[in-house]
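The following block contains a protein sequence and its predicted model.
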Amino acid sequence: MISVGTMAAVLDWLGIITFAISGTVVASRKKMDVVGFVILGTVTGIGGGTLRDVLLGSVPVFWVREPLYLQACIAVSCLAFVLRKLPLGEYRLLLLLDAIGLALFAVTGAEKAMLMGAGPFVCVTMGVVTASFGGIMRDVLGNESPAVLSSEIYITAAAVGAGLYVLLAAIGIEREFALLGSILAGTTLRLVAISRGWSLPSAS
Amino acid sequence: MISVGTMAAVLDWLGIITFAISGTVVASRKKMDVVGFVILGTVTGIGGGTLRDVLLGSVPVFWVREPLYLQACIAVSCLAFVLRKLPLGEYRLLLLLDAIGLALFAVTGAEKAMLMGAGPFVCVTMGVVTASFGGIMRDVLGNESPAVLSSEIYITAAAVGAGLYVLLAAIGIEREFALLGSILAGTTLRLVAISRGWSLPSAS
Amino acid sequence: MISVGTMAAVLDWLGIITFAISGTVVASRKKMDVVGFVILGTVTGIGGGTLRDVLLGSVPVFWVREPLYLQACIAVSCLAFVLRKLPLGEYRLLLLLDAIGLALFAVTGAEKAMLMGAGPFVCVTMGVVTASFGGIMRDVLGNESPAVLSSEIYITAAAVGAGLYVLLAAIGIEREFALLGSILAGTTLRLVAISRGWSLPSAS
C-alpha cells in the first residue's frame, strides 16, 4: 500500500498536468502560437499552488524549489501544441479536465494547509484558492468567460471537496480514503451540476 | 483610555467588515448566489491586507494566523445574503461604505508598515495598497467599473489619509488622535469629492 | 572596469525608469490625472520585480527595503505629468521603451534568480516574469490591449534574452559581456519583430 505522502504527491502531479492541458485547450481555441500554449499551460498548471504557497508563506514557491513541475508544464504545453490537430471535442474536454483538476487541487490544497497546521476554515479556503486561481488566470489570459463566475456550481464543488476532506480527516478516516473520496465527490458534483444545469438560488 | 494597539485593531476590524459589506452590495447588484456573496465579501474584506502582508513579507498572511477574520467575512457575507431584500439604496451605500473602508485601511495599513520599521514613502504606499486592492478585486470580480480608475479623487483620498497619519505620528501627535483624525480626513475628502464632483486636472 | 554587481544594479535602475516612463506614456494616452500617472508609472516600474521577489521569497520586496526605487518612480511620473505636452510620438515611443525595459528586466531578473541559486529553467522563468508583469499591469490598468498577448514576438524576446544570459553565464562568458550582449539581443529581437511583423506559427 502506498503512503499518503506519495499519494498526495501523485494527485498533486495529476492536478498540475490536468490543469496544464486545460490551459492548452484554451490556447488552442484562441489559435495561439506555441508561446501562448506554454504560457497558458504553465500558468494554469502552477498558478493555484503558487498563490497558495505565497499566502501560506511557503516560499520560494514550490516550482522554484522543484523545477520539475515547471519543466513538466512546459513539456506538456509543447506536446499539446504539436498534437493540436487532434479532434478532441474541445469545449467539453475543457470542462471535464477543469472539473477533475478543480477537485484534485481543492483537496491537495487543503491537505497542504493542514500539514502546516492551519485550522479547518483556512484549510478549506486554501483548497478553494488552489483550485480556482489557475483556472481564473487561464480564463483571464485567454479572454474566456471565467468559469469561476458562472452561475453553475463551481467554487461550491471545490469547497465541498476540500471541506469533505477536512471533515473526513478530522473524524479519523484514513488519509488515503479521505483523499480519494473527497476528490471523487468534488469532481462528481461539478460534472453533475454542469450536465443538469444545477445552480444555487441567486439574489433577486 | 484604550491603548493605541487596541484602537488600531478595532479600526482594522471595522475596515474589514465595512469592505466585506461593500463586496456583498456588489454581489447583490449582480444578483449573485450565496457563494458569490461569500467570495466578493471575503475577497474585498481581506484582499488589501493580504497584499500588504505579502509585500511586507509578513507571512503566513494575517487571516491564516488568525482565522477569525476569515470567519467574520464569511458570516457577514451570508448574513448579507439573507438580508438582501432590505431596501438599502444600493449604489449610494456602496460609495459610502467604500469611502469609510478606504480611509480605515489607508491609515491602518500605514500604521502596520510603520510598526515594521518602514520609512514614510513605504508607509504611505502600503496604506494606499491596503486601501485600494480589496476594492479593485471587488470591482473586477463583480465587473463594475473600478472605482480606483475613476476620475474622482479616490487613491488621492487614501494617500492623504495615510500621509496625514505618517505626518502626525512623525511630529509626535498621540497615536489615538492621529489615527482618528487621519481616518476622518480621508473619509471626508472622498465623500466631498464624490458629492462635489471634485477631480484633479488631467493630461489633455 | 566596473564590477558586475554595479553594472547589474545600473541596468536594473535603467529598466525601472524605462518601464516607469512607459507607464506614464499610457497614462498620457488615456488623459489621466497626476495620480493616474504616478500609479501607472510606479506599478509598471516596480511591478515585475515585486512579483519576482514574492515568488522567490525575497521579502520584504526590494522597494520596501530600498525606498529609493519607489521615490524614483514617483518622481519620474510627476515629471512626466509636467512635461506631458511635449510631442513625443507616443505609441512608437511606448513600443521602444517597452522593448528596452523588457530585455533589461528579462536579463536582470534571470541574474537575480541565479544569485539565489536557482536552476536554468527557473532563472529564465523569473526573467520572463520580471520582464512581463509590469507591462501586463500597465496595460490592464490603462485598458490597452496587452502587449504580452499580441501575436508579435514579445514573451519570446524576453525568454531569448534571459535564456541567452543563462547560457552565456553557464559557458563561462564574463558576466559584464553576458549582461550587455543578452540585453542587446532581446531588445533587437523585439524591435525587429515589431518592424517586420514577425510572429510565431499559430494553431489553426
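Noted; the coordinates are in hand.

Going by C-alpha atoms from here, please, whenever you check contacts or count neighbours.
Fine.

Get me the contact residues on chain A for chain C.
Taking C-alpha under 8 Å from any C-alpha of the partner chain as the contact definition, chain A meets chain C at A:28, A:31-36, A:50, A:54, A:59-61, A:63-64, A:67, A:70-71, A:81, A:84, A:141.

can you map out the helices along chain A?
A:4-29, A:34-56, A:62-65, A:68-82, A:90-115, A:120-141, A:155-170, A:175-196 (DSSP state H).

wait, which of those is closest to chain B?
For chain B, the closest of the helices of chain A is helix A:34-56, at 4.4 Å, according to C-alpha to the nearest C-alpha.

In chain A, what residue lies closest to chain B?
For chain A, C-alpha to the nearest C-alpha, closest residue to chain B: A:Ser202, 3.9 Å.

you'd agree that residue is up against B:Asp33?
Yes: applying C-alpha atoms under 8 Å, one finds A:Ser202 in contact with B:Asp33, separated by 3.9 Å.

Which one's more surrounded, these two?
B:Asp33 (20 against 17; other C-alpha atoms under 10 Å in any protein chain shown).

so what's that one up against?
A:151, A:200-203, B:27 (C-alpha atoms under 8 Å, 6 or more residues apart in numbering or on different chains).

so where's chain A uncertain?
A:1-2, A:87-90, A:145-147, A:149-151, A:204 (pLDDT under 70).

Would you pull up the residue in chain A closest to chain C?
A:Asp33 (3.9 Å).

Could you report the distance from the nearest residue to that residue once chain neighbours are set aside to A:Val26?
Leaving out its chain neighbours, the residue that sits closest to A:Asp33 by C-alpha to C-alpha, 6 or more residues apart in numbering or on different chains is C:Ser202, at 3.9 Å. Using C-alpha to C-alpha, to the nearest Å, one gets 13 Å for the distance from C:Ser202 to A:Val26.

swap in A:Gly181?
Distance from A:Gly181 to A:Val26, by C-alpha to C-alpha: 29 Å.

neighbour-wise, which of those two wins?
Neighbour count, other C-alpha under 10 Å: between A:Gly181 and A:Val26, A:Val26 has more, with 24 against 16.

Return the residues in contact with the closest residue to that one other than its chain neighbours.
Closest residue to A:Val26 in three dimensions, ignoring its sequence neighbours and counting by C-alpha to C-alpha, 6+ apart: A:Gly142, at 6.3 Å. Applying C-alpha under 8 Å, 6+ apart, one finds that A:Gly142 lies in contact with A:26-27, A:30, A:40.

Dihedrals phi and psi, A:Gly142?
Here the main-chain torsion angles of A:Gly142 (degrees, to the nearest 10) amount to phi -90, psi 0.

I'd like to know how far it sits from A:Cys78.
17 Å.

Ok, A:Trp63 next?
On the measure of C-alpha to C-alpha, A:Trp63 and A:Cys78 end up 18 Å apart.

next one: A:Pro67
For A:Pro67, the distance to A:Cys78 - C-alpha to C-alpha - is 17 Å.

higher neighbour count, these two?
A:Cys78 (19 against 15).

My guess is that one contacts A:Phe37. True?
Yes: between A:Cys78 and A:Phe37 there is a contact at 7.0 Å, judged by C-alpha under 8 Å.

picking up where we left off before, nearest to B:Arg196, out of the helices of chain A?
helix A:120-141 (36.0 Å; C-alpha to C-alpha).

Centre of the chain to that closest one, how far?
Centroid separation between helix A:120-141 and its chain, computed with C-alpha atoms, centre = their mean, to the nearest Å, is 8 Å.

Which secondary structure elements does that helix sit against?
Counting contacts by 3 or more C-alpha pairs under 8 Å, 6 or more residues apart in numbering or on different chains; DSSP states H and E, helix A:120-141 packs against helix A:4-29, helix A:34-56, helix A:90-115, helix A:155-170, helix B:68-82.

Among those, show me which one is buried the most.
helix A:34-56 (a mean of 26; mean count of other C-alpha atoms under 10 Å in any protein chain shown).

so that helix versus helix C:34-56, what angle?
80 degrees (axes from the mean of the first three to the mean of the last three C-alpha atoms, to 10 degrees).

ok so, going back, mind checking which of the contacts of B:Asp33 are in strands?
With strands defined by DSSP state E, no entry of the contacts of B:Asp33 lies inside them.

Excluding sequence neighbours, find me the nearest residue to A:Ser3.
A:Glu176 is the one closest to A:Ser3 (C-alpha to C-alpha, 6+ apart), at 7.9 Å.

Next, the contact list for that neighbour, please.
Counting by C-alpha under 8 Å, 6+ apart, A:Glu176 has contacts A:3-4, A:7.

what's the most distant pair in the contacts of A:Gly142?
By the measure C-alpha to C-alpha, A:Lys30 and A:Leu40 form the most distant pair in the contacts of A:Gly142, at 10.9 Å.
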